[in-house]
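Chemist: Can you look at this prediction? I've put the sequence above it.
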Amino acid sequence: MSTRQLLILGGTGFVGRVMAEEAVARGWHVTVFNRGRAAPPPGVTALRGERTSADGLAALAAGEWDHVVDTWSGAPSAVRAAAGLLAGRAGHFSYISSRSVYTFPPAAGAAEDAPLVDGSPDAEATDYRSDKRGGELAARAAFGADRTLLVRCGLILGPQENVGRLPWWLTRIARGGPVLAPGPRDLPLQYVDARDLAAWTLDAAARGLSGPFDVVSPPGHTTMGELLGACVRVTGSGAELRWTDPDTVLAAGIAPWTQLPVWLPPGPEHAGLHASDVSKALAAGLRCRPVGETVADTWRWLSEPGGVTLKPDRSAVGLDPAVEARVLGLG
């Protein structure tokens, strides 16, 4: 059997990088196409281009691939241009989308047939939700429904995370002392380790799967207590988790999700993010590693020389130490 040829549009940051590393480990021939702002993973062929500029796709004018994976999160028109250029020279297109394409918040137990936001394949960058939906439509318009896999991710964690959610918790807990831990402790969480996402996507592409799949762990795969407890264990800091009820957190003006990453208080928004029905992806082979492994491997990666580089177009996450101290009655 000949070596599979994979093209990743992206391939140097978080999900794209993990995808490239997984494919190389499988013995696939991997080409990455991006702006070249970060070093590519070892073992890949690197092509350079700025896909939003005139002639920015010139490096993709020749070549054939079995599979294409696109991690783009900006203007749908960029997906349209790249997919249109590649449709006659690639067999299958996987677009890394998001559960954000559903009307927010999705109902608890929602699956791939939940109502969707509006989006256009021809749009320039608007907002994340509409852009991801437009990207889906652009991919399908070029490759057709039977050759397009729409990978609708939930919360993504793990090594290489450049958003700063789990890295922030690990760094904060590593400092030790009393830590504001937003409750309830048994609050269920859904997420996917980027490595499990990559493995599932490549398996699905190799099988020629098409259509939308919500790719995230089953509801209750872990809890806030298990996640933060694992952070305490792997850092060895002896930090004291002070569990604080949601009303107290919100009354202090602390923003869920951004100032306290990952966390949302119980309610419709939490259910929309952490109570989705992912039986379709599970039936198609999704396997999710234990939270302790994700946390330990992320801490190991953070501890390597160079540390974490956050994505430049994302706002910083995390809680001001002074606010934390005030809520905990320490200052």
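Modeler: Cool, the structure landed. In this text the structure is predicted, and so the values were computed from the model without any measurement. Numbering: from 1, shown residues only.
Chemist: The nearest residue to Ser217 once chain neighbours are set aside and Leu260: what is the separation?
Modeler: Nearest residue to Ser217 in three dimensions, chain neighbours excluded: Cys288, at 4.2 Å (CB to CB, 6 or more residues apart in numbering). Backbone N, C-alpha and C define where each C-beta goes, glycine included. From Cys288 over to Leu260 the distance is 23 Å, taken as CB to CB, to the nearest Å.
Chemist: What of Ala83?
Modeler: Following CB to CB, the distance that separates Ala83 from Leu260 is 37 Å.
Chemist: and if you look at Leu7?
Modeler: Distance check for Leu7 against Leu260: by CB to CB, it reads 38 Å.
Chemist: Now do the longest helix seen in the chain: everything it contacts.
Modeler: Under DSSP state H, the helix in the chain containing the largest number of residues is helix 128-143. When contacts are taken as CB atoms under 8 Å, 6 or more residues apart in numbering, the neighbours of helix 128-143 outside the stretch itself are 70, 72-77, 79-80, 83-84, 86-87, 90, 92-93, 95, 97-98, 100-101, 104, 116-123, 125-126, 148, 150, 212.
Chemist: if you look at these, which of them are in helices?
Modeler: 76-77, 79-80, 83-84, 86.
Chemist: now the lengthiest strand in the chain: mean pLDDT?
Modeler: Identified as the longest strand of the chain according to DSSP state E is strand 90-98. Taken as a whole, strand 90-98 has an average pLDDT of 98.
Chemist: If we go by neighbour counts, what in it is buried?
Modeler: If you call a residue buried by 16 or more other CB atoms under 10 Å, then strand 90-98 has these buried ones: 90, 92-98.
Chemist: Also stretch 320-327?
Modeler: By neighbour count, with 16+ other CB under 10 Å as the criterion, the buried positions of stretch 320-327 are 324, 327.
Chemist: just how off-centre is that stretch within its chain?
Modeler: Computed by CA atoms, centre = their mean, to the nearest Å, the chain-centroid distance of stretch 320-327 equals 29 Å.
Chemist: Val249: what's it in contact with?
Modeler: Contacts for Val249 were tallied using CB under 8 Å, 6+ apart; they are 180, 182, 256, 260, 265, 327.
Chemist: and which of those is nearest Asp247?
Modeler: Minimum separation from Asp247 among the contacts of Val249 (CB to CB) is found for Pro265, which lies at 8.3 Å.
Chemist: Where does that closest one sit: helix, strand or coil?
Modeler: Classification of Pro265 by DSSP: H, G, I helix; E, B strand; the rest coil places it in coil.
Chemist: excluding its backbone neighbours, what's nearest it?
Modeler: Here the nearest residue to Pro265 in space, its sequence neighbours aside, is Pro246; by CB to CB, 6+ apart that works out to 3.8 Å.
Chemist: what number of residues lie near the one you found?
Modeler: Summarising burial for Pro246: neighbours were counted as other CB atoms under 10 Å, giving 19.
Chemist: list the contacts for it?
Modeler: Counting by CB under 8 Å, 6+ apart, Pro246 makes contact with 182-184, 265-266.
Chemist: Next, format the buried residues of strand 90-98 as TSV and append distance to Ala271.
Modeler: Written out in TSV, the entries for those read as follows (distance: CB to CB, whole Å):
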residue	distance to Ala271
Ala90	38
His92	34
Phe93	32
Ser94	28
Tyr95	26
Ile96	24
Ser97	21
Ser98	17
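Chemist: hmm, which of the contacts of Val249 are the buried ones?
Modeler: Buried members of those, scored by 16+ other CB under 10 Å, are 180, 182, 256, 260, 265, 327.
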